[in-house]
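J.: Starting from these lines, generate the structure:
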Amino acid sequence: MPNVTIALNERLLAASRDYAQRHGTSLNALIRECLNEKVGTTRAQSLQAFFDAADKAHGNSRGWKWNREEIYEEIYKRWEK
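T.: Okay, the predicted model is just below:
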């Protein structure tokens, strides 16, 4: 496996090492995991993960349905705050 050198400021490096230690992993493994999450999945895999999570959520609107105008109104209300 090729080696890669990266530059991190001391605060980020210390926080990253601490995070890795608390999660029982190495800094190298943590960086690999983060990069794989960002660039290692295809669009199809990302969509499938989304749909799998939605299926597991078991949401229940109790029959109430949104329409486009109501969604936009709600979004604009939140932006105006």
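
J.: From here on, just use CA atoms for contacts and neighbour counts.
T.: OK.

J.: With N60 as the reference, measure out to the spatially most central residue of the chain.
T.: Among the residues of the chain, the smallest C-alpha distance to the mean C-alpha position (C-alpha atoms, centre = their mean) belongs to E37, namely 8.2 Å. Distance of E37 to N60, given as C-alpha to C-alpha, to the nearest Å: 30 Å.

J.: can you check R68 too?
T.: As for R68, its distance to N60 is 19 Å (criterion: C-alpha to C-alpha).

J.: Need the per-residue pLDDT for K81.
T.: Looking at K81, its pLDDT stands at 63.

J.: Could you pull up the contacting residues of G24?
T.: G24 makes contact with no residue under the criterion C-alpha atoms under 8 Å, 6 or more residues apart in numbering.

J.: helix, strand or coil for it?
T.: Following DSSP: H, G, I helix; E, B strand; the rest coil, G24 is assigned to coil.

J.: From H58, how far out is it?
T.: 32 Å.

J.: And for the chain, the residue most distant from the center?
T.: Computed with C-alpha atoms, centre = their mean, the maximum C-alpha offset from the centroid of the chain is found at G63, amounting to 29.9 Å.
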